[in-house]
Each structure stands twice: as C-alpha cells, then as structure tokens.
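S.K.: quick one, structure for this:
(chains A and B)
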Amino acid sequence: MGTYILRRALINIPVIWMVATVVFFATSVLPGDYVAQRIAAQNPIPDNPELAQQQLDAVREDLGLDDPVGVRYLQYMGNLLQGDFGTSFETRENAIKGFMDGFPYTLQLGIMTLIVATMTAIPIGILSAIRQDTISDYVLRVFSIIALAAPNFWVATMLLLYVIRGIPLPFTDAEIGWTIDLTSQALIWEDPITSLKLFAIPAIAGGIAAGAGVMRLLRSQMLEVLRADYIRTAWAKGMRERSVVVRHALKNAMIPVLTVLGLQIAGLIGGSVVFEFLFNIPGVGNRILRSITARDVPVVQAFILVIATFVVFVNLAVDVAYSIVDPRIRFS
Amino acid sequence: MASESTATDLVLGVPKSNSDRPFPLRATRAVGHFMVSKPLGGFGIVIILIIVAMAVFAPWVSRYDPEQLFSKPNPDFRPDLYEQSLTNPLIKLQYADHPEYFINGEIARPLESPSREHWLGTDRFSHDLYSRIIYGARLSLFVGIGASIIAMLLGTFFGVISGFFGGWVDMVLQRTTDAMLAFPSLILLLLFVQVLEQPNKYFITVALGIVGISQVIRITRASVLATREEVYVLAARSIGASNHRVMLRHILPNIMAPIIVIFTITIGAYILAEAGLQFIGFGDPTEISWGKMINEGRSSGTAKPLMALFCGIAITLAVLGFNLAGDALRDELDPRLRGR
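M.R.: Down below sits the predicted model:
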C-alpha cells in the first residue's frame, strides 16, 4: 500500500511541473501586458514615442519583466522550488495571498454544492433503481436527463430572478420574498443565516447539475448489482428490503460512484467561477477571473498551479480510497 | 442477418441479408430500427434535426432580421399640446413632469411581452427575441460540432499512437494528458480565449476542442490497448503489414464505435461550455449567442424574466438532443461504455 501511494505521488511531480510550464508560457503570450494596460489607465501617455517607451521600460524593469522569456522561466521555476509564487503586480503582495483570502468562500460553496449533490443523487438513484420501470422511475429519470442538459448558470439565474429578486411566479401573484443583500458576502461562521441564504442558490443550481450524473451512474450500478447472486441470497435469507438494498446492494454499487464524486470534488474549485461571478462571491474563481482580465500574471500562475496540485492530489486520494474499498484494484 | 440467409434464399435470388440490399433502403431500415428500439434516442435525433434546420434555414424561419431594432410611435404624444407649444413655449413648463407629451416620433420597444407580432417578445435592445433565438442556434451548433470534431481528430490521433506504440511515447503522452486533466478546464479556456485581443468563434472552437482532447485520448487509448491483442492484428503483422497500415486499416476501423459515441456526447458539453463563456462575457461579442442573451436577460432586471427563460430553454433542448442521441448510440454501438 505504502509503495503504491508513493509511486502514484511521484508520478504527480512531472504532471505539476508540466502544468507550471504550460501556465508560464500561456500567460507570457497573452496580448496587452499588465504594464501597458496600467500605464494607459493611470498616466497620460507622453506624445513623444521615445519617452513613452522609456516609461514602459522603467515599469517593466521594476516588475522584473525586462528579461527574456527563457531567463524569466528559469527564475520562476527556481522561485517555485523555494515556495515563492512571486508578487502580484496589482497589490504588490505575495501572489498566493489572494487565493488564501478567497479559498474559504469557494470551500463553503463547494461543500454546500457537494451536500446538495449527494443528498439528491443517492436517494433518487436508489429509488429509481429499486422501482425500475414504474412511474416514479420515469419521472426521476426525466428529471435527471433534463438536469444534466440545463446549463447550471441558467438554473442559478432563474432562481436568482424568481427567489431573490422576487418576481411573481408564472400565472400567480405569489412572490418568494427572500431578501438577500448581494453586496456583502458573509461566511458561515461570520453570519450563518445570511451566509446560508446567499450560498444556497448557487449550491442548489450546481448541486443538481453535479448530482444528475451521479444519479444516473448510481441507478445503472444498482440495477446491475441487484441482479447479483448475493442479493438473491440475501432475499432468500429473509432479510428486510431495507437491509438488502442499503447493506448489500448500495455498498457495492457505490464503488464507481465514489470515483465520480471524487472527480467532482476536484472540479468544484475550478468550476465555481460562473457562480461566483453571478453572485458576486469573492472566492477563488472570481479572483482568477479578475486577474486574467487585469493580466496580473503572477497571480494567475499561482492560482492555476495551486488548483492543479489540489486536483492531482484529490485524484490520488480517490484512487487510494478506491483501492481500500475494492482491494482487487491494488493487485491488478 | 447474414448468417440467417440459407441456400434456398440464394437459389430463389431473394436477398434476405440486409447487406445485400441497396444502400438507401439499408440506411432507412437501420434508422427505422433505431427509432423503434430507442425512442428516447429518436426523440433526441428529432430535436437535433429541428435545431439544425433552425440554423440552416434561419433567414426563412425567423420572422425578422435579428439585428432589426423595433420602435413604435410614442403613445403618450399629445398633438394638441404639441401644436400649442409651437406658438406658446410656456406650455412646456406647465407640463414639465411629462416631457413625453412633446416627443413627436418613434420610441424603442425593449423587453416587451410575447405578442402576435413578436412571438417571444423583444429583448432589452428592442430586437425580436424569437428571431435572435433562431439565429443563436448557428453559433451553438458551429462551436459544439466544430470543437467536437477537433477534439475527436486530434484525440484519436494521439490516442492511437499512445496505445499502439506504448513505451516512452505512451508515457510522455499519458503524463501530458494527466496534466491537461489536472487543469481546471474553464480557467484554461479563459486563458486560451484571452490570447486574441478579441476572441472570434473559430478561435473559441479550437480552444474548446484542445481543452477536450485529453478525454478522447484516454478512451481511444483504452480501446486500442484492447484491440492491439486481437488475432486479426497479429495476422496482419505476420503477413508483414507496416505499423502505419495496421493502425489505419486494422485498429482504427475497430475502435470507431466508442469514437462516434464520444463525438456525439461531447457536442452537448461543448455547447454548454460555449454558452458559459458567453455568459461571463468571455465569448465573441459580435455573435448572437444564447449564453450572452441569458446574461442580458439577467442584467435587464426583474421586469421581464422571459428573455433569460427562453434562451435557457433553447440551450437545454439543444444539449438534451445531443445527450439523448449519444446515450442511445452508446447503448447501440458500445455497451461497455455505459455509465461513463
């Protein structure tokens, strides 16, 4: 087991190196660098092109952008190895600080999304499988097919308009008056009720979309498992339906579902960009969006690198968990 | 079924085997069989055909030019007061609270409710929403299908090479794939899209396709690994076929099923991704796009939520069509992929 984990962890090192390299070169070919943007925004550009160039060069030198790309790449890698992510152009702070500030928001949103996803996917998946080809199965399947196709940002927009902004529901005068102040964002330990209300809608919109895939996978896995011999044995022993389904069938059907859930945890950090944009949540996604438009290259590099590292190690954790739940994996 | 045709059939000259029939008949039968055995998939294909027709025949199906701005005569215009104000300017001061009484001309018609004239109402810029939704199908289909073709071509190429040669080629390609999968795809996409000063739809299509390659590489490689050990590959090798020939003539045709399935299923995902990009304002600003229209509907406030509603339904239906068709194709062509 130990060597398995170690081997998998070592494979991740070149992967992270590759991500760092790709991000470095991708950000260095972006047009309109930070310097030009900032100077255009703040200072009147001197009429004399020579003076304007001097000004550009001075700021570039100040930010360490005047070296050739190769030299900067080596410097960047050297700094990374010492745990230095560089300095943000905009705030002149450590590039990773913005990530630290935004992470609690993204984490809270991610956890709430995951809760919604599992709370809808698992009961519906089980119900749909044990009541196969009944009306409730059809209704739930249609629901999951539509939930998978509907854009999650659209679902969130409609919930935002009808629930928070209080548009009367179609054909009635009924309003859901859920007043939420979208200008101040509280974390759950700062102001639990406001915070839960604000995060509930993106969590529901994201959770249903994420849950729909899990739901379908769980249903097909359950159907397969329910036909297995050991389930017939369990029935024959005279066990109650509840324990046959939960203790015997669900346990085995959950193994591949766990993998998919794990992959979704990995996707939550990078995937929350749209919701954070829509609800003005100052999380990781919103910050990276702003850094990309502002060409704050060190911040973009640091964010992507940290997210990719997170994804890689979540995948590792999922694989290890998988091999614990299903020992056949380890020996094949 | 070829195996079912007997000697008597041959003697009587009755072509019982489907492959003996002329192609148009064969294709019709195959489609008919598919529609009957997979009604949901058939439903998906019908949706796809409707949306393709919308895109292709947009100028005929849409009732107005999507860029046409609608206006109407000012309903509050008071000709009597206007006449008086020409001779007596003081009358304007008297009605200072109602400047609209004196506007003799056309006013815009933003965010109107559905009517006989505008089936889905108008958007916030006074365009006809129905026409814009029809034209929006063009961008979604172009990007969705284009990106899927790019991902499929490049992904199959690298996947076959990776699975066929193994060794260090496989190692390098697999680590690259791992790195691409580790990237948060939306953020990678945002970076790519920013490389051009103003992103256009061709560039976004290529960027989406490249971001999606890794998944195709994975699936192709797995299929190649299974096919590589087959007897017919061994047979081809033993008569001295080159690597090139084995890959193109023996392996590729045998892994087409999963590739076609992945192709269909990912179109829906690309349509969603493109709409998401447009929604957060990172798309091509000159195109008519469903995603952008949802954001316009959102930011035009609470008065008329219909705009966001209709555009969302359009995206959902398009994605639904490709998902249903893809699922049915998968069950038909490659049951092993079920649940992926």
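S.K.: can whichever strand or helix holds A:Gly211 be found next to chain B?
M.R.: A:Gly211 is located in helix A:192-226, with elements delineated by DSSP states H and E. Yes: judged by C-beta under 8 Å from any C-beta of the partner chain, helix A:192-226 comes into contact with chain B at A:216-217, A:220-221. Glycine gets a C-beta too; all of them are placed from N, C-alpha and C.
S.K.: okay, those in TSV with neighbour count, pLDDT and distance to A:Asp191 next?
M.R.: Conversion of the residues of helix A:192-226 next to chain B to TSV gives the following (neighbours: other C-beta atoms under 10 Å in any protein chain shown; pLDDT from 0 to 100; distance: C-beta to C-beta, whole Å):
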residue	neighbour count	pLDDT	distance to A:Asp191
A:Arg216	23	87	37
A:Leu217	21	89	37
A:Ser220	16	87	42
A:Gln221	21	88	40
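S.K.: mean pLDDT per helix and strand in chain B: which one sits at the bottom?
M.R.: For chain B, counting by mean pLDDT, DSSP states H and E, helix B:7-12 ranks last in confidence among helices and strands (a mean of 49).
S.K.: next structured bit after that one?
M.R.: Heading C-terminal from helix B:7-12, the first helix or strand you meet, by DSSP H and E, is helix B:23-37.
S.K.: quick one on the thing from earlier: tell me the mean pLDDT for the helix or strand following the helix holding A:Gly211?
M.R.: On the C-terminal side of helix A:192-226, the nearest following helix or strand under DSSP H and E is helix A:229-236. Averaged across helix A:229-236, the pLDDT comes to 91.
S.K.: how long is stretch A:146-155 from one end to the other?
M.R.: Looking at stretch A:146-155, the gap from its leading to its trailing residue is 11 Å under the measure C-alpha to C-alpha, to the nearest Å.
S.K.: might you report the residue contacts of the residue of the stretch 151-300 of chain A found nearest chain B?
M.R.: Of all residues in the stretch 151-300 of chain A, the one sitting closest to chain B is A:Gly270 (2.2 Å; C-beta to the nearest C-beta). For A:Gly270, the set of contacting residues under the criterion of C-beta atoms under 8 Å, 6 or more residues apart in numbering or on different chains consists of A:285, A:307, A:311, B:183-187.
S.K.: which ones among these lie within strands?
M.R.: Counting by DSSP state E, these place none of their members in strands.
S.K.: ok, the closest residue to chain A within chain B - how many residues close by?
M.R.: When C-beta to the nearest C-beta is the measure, chain B has its nearest residue to chain A at B:Pro184, with 2.2 Å between them. Counted with other C-beta atoms under 10 Å in any protein chain shown, residues neighbouring B:Pro184 total 25.
S.K.: swap in the one 4 residues further on?
M.R.: As a burial measure, the neighbour count of B:Leu188 was computed by other C-beta under 10 Å and equals 22.
S.K.: do the same with the one 5 residues further on
M.R.: Using other C-beta under 10 Å as the criterion, B:Val193 is surrounded by 18 other residues.
S.K.: any weak-confidence spans in the stretch 201-340 of chain B?
M.R.: Low-confidence regions of the stretch 201-340 of chain B, defined by pLDDT under 70, span residues B:301-304, B:334-340.
S.K.: all helices for it, in order.
M.R.: Counting by DSSP state H, counting those that start in this stretch, the stretch 201-340 of chain B has these helices, from start to end: B:201-211, B:213-228, B:231-238, B:243-245, B:256-279, B:290-299, B:306-333.
S.K.: B:Gly136 against B:Gly283, yeah?
M.R.: No: taking contacts as C-beta atoms under 8 Å, B:Gly136 lies outside contact range of B:Gly283: 11.8 Å.
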